[in-house]
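[1] Structure of the sequence below:
(one chain, ligands or ions: 2)
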Amino acid sequence: MDVSNRILWLLSVVCFGFVNGQVSYSIPEEMSKGSLVGNIGVDLGLDIKRLKAGKARIYTGDSAQYIELNRERGVLLIKDKIDREALCRQTTPCALHFQITLENPLELFPVTVEITDINDNAPIFQKEERTFEISESAVVGSKFMLEKAIDPDIGLNGLQRYTLRPSDHFILKLHSQSDGNKKVEMILQKPLDREKQERMSLVLTAEDGGEPQMTGTMQIHVNLLDANDNAPVFSKTVYKASITENSAAGSLITKVSASDVDKGSNGEVIYVIGNTADTVSKLFHINNEGDVILDGSIDYEKEKNYHIDIEAIDQGGLSDSSKLIIDVIDVNDNNPVINMISASGSVPEDSSHKTVIALMSVNDPDSDINGKVHCFINENIPFEIKITSNNFYSIVTDSDLDRERNSEYNITVTCSDEGVPSLSSSVTLTLQISDVNDNPPVFERSSYEAYIVENNTPGLSIFTVKATDSDWNQNARVSYILEDSSVNGVPVSSYVSVSADSGVIHAVRSFDYEQIKDFQFRVKAQDGGSPPLSSNVTVKIMIQDQNDNVPQVLYPVQTGGSLVAEMVPRSADVGYLVTKVVAVDVDSGQNAWLSYKLQKATDRALFEVGLQNGEVRTIRQVTDKDAVKQRLTVIVEDNGQPSRSATVIVNVAVADSFPEVLSEFTDFTHDKEYNDNLTFYLVLALAVVSFLFITCVVVIISVKIYRWRQSRILYHSNLPVIPYYPPRYSDTLGTGTLPHVYNYEVCRTTDSRKSDCKFGRAGSQNVLIMDPSSTGTMQRIQSEKSILDEPDSPLEVSITMCTFITLPFLCMSF
Ligand SMILES: *[C@@H]1O[C@H](CO)[C@@H](O)[C@H](O)[C@H]1NC(C)=O
Ligand SMILES: *[C@@H]1O[C@H](CO)[C@@H](O)[C@H](O)[C@H]1NC(C)=O
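    Ligands and ions are numbered 1, 2, ... in the order given. The predicted model follows:
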């Protein structure tokens, strides 16, 4: 049944009802099946029987039958649930019109059942949700159309109002429209900010006015569209970062970030470095992620920190700026630098302690401990390094220098910093120690002894002294100087000379052992320093004997024509001591060891000569047949190599009386012309002899006293015995006189077991003055042998000697 037919049918029912006492009921919709609508029998005045009999029924025409008739009870019941909204939609009032038809008789009763609305429908929205995309920059007052809700109920049960929650940004505005509906709009009443709230969920609620009230809701989603309304913002106003120097290019230094709360491209930030002018922009760059990256190389020693202006810019050109401070961290990458400010190349060895030798400054550009420098020098050298002030060092001497020990030092200065690992550098200074004349020349020996054989040629080099000086150059140039002294009263320079350069000692003269046996002098070695230093040494020159002297026959005296005769009485026994040949040799040692031999004799069988002592003795009984005049030639030889010898002629008179001798010996007088002078010589001799005798006695007494005092000491000393010959012996050959005082001391031992010393002093008693013309003079001289052999009675001997010497002369004078 279509709608138009139904309406038509309803109209007919209503009209019909009016015709036959119309019954109306009003029931709410939605009553459940079987619910009582109305007691129709009563209402129509019909009893049950009639109804039954009349087969009462409901006639609805084409329309659907919602209500049924219960004839038994005479009531109308709900046959089908009635939905007013389905039945009448918005039409009011809404009624069901039908007829109750009865048969027998046919009757027709219109019945109207008004269906009243109940609030059985909630307002509903077509869609459950709706999404809006709204730019955050939308202006206040912007309108947004919302959907209407539909509530089929009518009247109060119909849609009454809308609410929108929450209502902080949007409010609702309803516009009544010509069709009675309402236009629902949402109006922006407060600026939006996507950055605060990007999405909003609103609930639009439609309410009806029923009891209970029913509502319908719709979700309204508002998505805010971004607008570039926010600038980027750096997370810090100042960033701090650090990087070690010498970091490789490409190292990430730090990351900065600026946030832009805008979305999408509006929130995309790029970073730039603001310092375009200076070097910073060449050293660093920043990428879009905010990574600050090192581009070049950085050196702490050049720049300790960098201040970088960084900017963050979004696509819309909004920007923020910040500062990035990059501290460069020092790395121990610099060796200390040693600068010699001044250095002496040499220093005198006598420099006082703490003499400054070098001054230097030391620098390490690194910072802190990397730049903290310590300097030291090599050990075991007499120097030390001192810090004078910040970074300035000096090298000073700290103990004595000695060029002779070390003439050069290599001073190595090493400076190292405290970094880890530590860096160091060093310089080497070569220092020469210059010489100071602090060493005197030193002789190789503490004293020298040298030997030279007498009769050397003058100028002969004897030997060489040598002194060395450990100083250098001029200070070590040694010259030798003979020191002034005198030898036996003669300046030593007349004996020797010293070569200044070579130290060779030359003999200036020919030495004579018999004059001088040794002498000593000092040689000074002096260096060339200023002032010069010197030392001296004693040089002892020993002169060695040469057999250069022939034995000298002291007795019998040989004079050209003079006659000295020994008298041998004819009664003399075998072994009679005729005389003694006395000879001396001024040489020494072997050269003076004399031996005596009989070379020639008138009668060889009569005499012999003692080899050692030169004693001439008879070896047989003298007979009358023996000639008065005997002539013996005795040769005296020394033991030198080659040996030297002298001969002496001993005249012996074999006679019993002096006149006999005289008569015999007149022959010996060859030079008669000397007789004139005889008297003169005799007187002179007598005077001299007398004088000598007195002197002799005086001397002997003095000596005796002196000797007596000395003997106690000397007899008990074990002195070695050295023959000592007087230094001033001079030969007076040809005159037969010994004009000099001829003193000599003999200290000798005759036997090694007997080491007593015996002193003999012969004075002028040995002096013989011979008159060559004298014929009758016989002299017997006690030689020194007598003195030596009879040490206990020198006085007696001497007196005897003097008497011997003197008496013949006295006799002769008278
Ligand atoms: C000092 O160094 C130089 C050069 O290296 C070297 O010839 C010299 O012998 C050294 N001197 C000393 C005393 O070590
Ligand atoms: C010689 O040297 C000694 C020390 O050896 C010294 O006492 C003396 O004075 C020196 N003599 C001279 C003349 O220099």
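
[2] Closest approach to ligand 1 from the stretch 251-400 of the chain, which residue is it?
    Using Cβ to the nearest ligand atom, the closest approach of the stretch 251-400 of the chain to ligand 1 is made by Ile381 at 9.2 Å. The C-beta positions use only the backbone N, C-alpha and C, and glycine is treated the same way.

[3] What residues does that residue make contact with?
    Going by Cβ atoms under 8 Å, 6 or more residues apart in numbering, Ile381 touches Tyr409, Ile411.

[4] so what's it scoring on pLDDT?
    The score at Ile381 is 92. That number is its pLDDT.

[5] now it, what's its secondary structure?
    Recorded secondary structure, Ile381: coil (DSSP: H, G, I helix; E, B strand; the rest coil).

[6] and what of Ala685?
    helix.

[7] What does the pLDDT read for it?
    Ala685 is given a pLDDT of 84.

[8] That one and Val256: what is the separation?
    150 Å (Cβ to Cβ, to the nearest Å).

[9] ok, now Thr397?
    Counting by Cβ to Cβ - Thr397 and Val256 are separated by 61 Å.

[10] can you pull the buried residues of stretch 117-131?
    Within stretch 117-131, the residues scored as buried using 16 or more other Cβ atoms under 10 Å are Asp117, Ile118, Asn119, Asp120, Asn121, Ala122, Pro123, Ile124, Phe125, Arg130.

[11] tell me which of those is nearest to ligand 1?
    Arg130 (98.5 Å).

[12] Would you tell me what the next helix or strand after the helix or strand where Thr217 lies is?
    Applying DSSP states H and E as the criterion places Thr217 in strand 215-225. Past strand 215-225, further along toward the C-terminus, the next helix or strand under DSSP H and E is strand 233-234.

[13] How far off centre is the next helix-or-strand element following that following strand?
    Going down the chain from strand 233-234, the next helix or strand is strand 238-244, by DSSP H and E. Distance of strand 238-244 from its chain centroid, counting by Cα atoms, centre = their mean, to the nearest Å, is 40 Å.

[14] Contacts for the following helix or strand past strand 238-244 next, please.
    Counting by DSSP H and E, the next helix or strand C-terminal to strand 238-244 is strand 252-255. Residues outside strand 252-255 that contact it (Cβ under 8 Å, 6+ apart): Tyr239, Ala241, Ile243, Phe284, Glu289, Gly290, Asp291, Val292, Ile293, Leu294, Leu324, Ile326.

[15] Please pick the buried ones from these.
    The neighbour count (16+ other Cβ under 10 Å) marks Tyr239, Ala241, Ile243, Phe284, Gly290, Val292, Ile293, Leu294, Leu324, Ile326 as buried among these.

[16] For the first one, which non-adjacent residue is spatially closest?
    Closest residue to Tyr239 in three dimensions, ignoring its sequence neighbours and counting by Cβ to Cβ, 6 or more residues apart in numbering: Leu324, at 4.4 Å.

[17] and the one you found, that one's in a strand?
    Yes: under three-state DSSP, Leu324 falls within a strand.

[18] my guess is it meets Val292, correct?
    Yes: checked against Cβ atoms under 8 Å, the pair Leu324 and Val292 is within contact range at 6.4 Å.

[19] quick one on the thing from earlier: which ones are touching the residue nearest to Tyr239?
    Counting by Cβ under 8 Å, 6+ apart, Leu324 touches Val238, Tyr239, Lys240, Ala241, Thr254, Val256, Val292, Tyr306, His307, Ile308, Asp309, Ile310.

[20] Test my guess that the first one contacts Ile325.
    Yes: with contact defined as Cβ under 8 Å, Val238 and Ile325 form a contacting pair (6.4 Å).

[21] Of the two, give the one with the bigger neighbour count.
    Ile325 (13 against 10; other Cβ atoms under 10 Å).

[22] in the sheet, who's paired with the more buried one?
    Lys240, His307 (DSSP bridges).

[23] OK, contacts around it?
    Ile325 touches Val238, Tyr239, Lys240, Ala241, Asn305, Tyr306, His307, Ile308, counting by Cβ under 8 Å, 6+ apart.

[24] Quick one: residues contacting the residue of the stretch 501-650 of the chain found nearest ligand 1.
    The nearest approach of the stretch 501-650 of the chain to ligand 1 comes at Gly529, 24.2 Å away (Cβ to the nearest ligand atom). Shown in contact with Gly529 (Cβ under 8 Å, 6+ apart): Val436, Asn437, Asp471, Gln474, Asn475.

[25] Check the secondary structure at the fourth one for me.
    So the one you mean is Gln474. Going by three-state DSSP: Gln474 is helix.

[26] what about the closest residue to it other than its chain neighbours, how many neighbours?
    Leaving aside its sequence neighbours, Gln474 sits nearest to Gly528 (Cβ to Cβ, 6+ apart; 4.3 Å). Using other Cβ under 10 Å, Gly528 has 17 neighbouring residues.

[27] any idea how far Gly528 lies from Ser499?
    Using Cβ to Cβ, we find Gly528 at a distance of 16 Å from Ser499.

[28] so where does the residue of the stretch 401-550 of the chain found nearest ligand 1 fall, helix or strand?
    Per Cβ to the nearest ligand atom, Asn410 is where the stretch 401-550 of the chain lies closest to ligand 1, at 3.6 Å. Asn410 is located in strand 408-417, with elements delineated by DSSP H and E.

[29] Can you mark which positions in that strand are buried?
    Buried, per 16+ other Cβ under 10 Å, within strand 408-417: Tyr409, Ile411, Val413, Thr414, Cys415, Ser416, Asp417.

[30] try stretch 198-209
    Quick answer for stretch 198-209 (16+ other Cβ under 10 Å): Glu198, Met200, Leu202, Leu204, Thr205, Ala206, Glu207, Asp208, Gly209.

[31] just checking, which of these belong to helices?
    Residues from those lying in helices, with DSSP state H as the criterion: none.

[32] Ligand 1 next: which of those residues are close?
    Among the buried residues of stretch 198-209, none lies close to ligand 1 by the criterion of Cβ under 6 Å from any ligand atom.

[33] Quick check: of those residues, which lies closest to ligand 1?
    Of all these, Glu198 has the smallest distance to ligand 1: 82.1 Å, by Cβ to the nearest ligand atom.

[34] related to what we said a few turns ago, got the phi/psi numbers for the residue of the stretch 501-650 of the chain closest to ligand 1?
    Reported as degrees, to the nearest 10, the phi and psi values for Gly529 are phi -70, psi 180.

[35] Could you do the one 10 residues further on as well?
    Recorded main-chain torsions at Val539 are phi -120, psi 130, according to degrees, to the nearest 10.

[36] Next, the residue in the stretch 51-200 of the chain that ligand 1 sits nearest to: secondary structure please.
    For the stretch 51-200 of the chain, the residue closest to ligand 1 is Glu195, as judged by Cβ to the nearest ligand atom, at 78.1 Å. Counting by three-state DSSP, the backbone at Glu195 sits in coil.

[37] now Ile82
    With three-state DSSP as the criterion, Ile82 reads coil.

[38] So for it, what pLDDT did the model give?
    87.

[39] Contact partners for it?
    Ile27, Glu29, Glu30, Met31, Tyr66, Leu96, Ile115.

[40] now Val233
    Each residue near Val233 by Cβ under 8 Å, 6+ apart is listed here: Ala258, Ser259, Asp260, Val261, Ala312, Asp320.

[41] just checking, which of these belong to strands?
    Taking DSSP state E as the definition of strands, the contacts of Val233 contribute Ala258, Ser259, Ala312, Asp320.

[42] quick one on the thing from earlier: identify the farthest-apart pair in the buried residues of stretch 117-131.
    Ile118 and Arg130 (30.1 Å; Cβ to Cβ).
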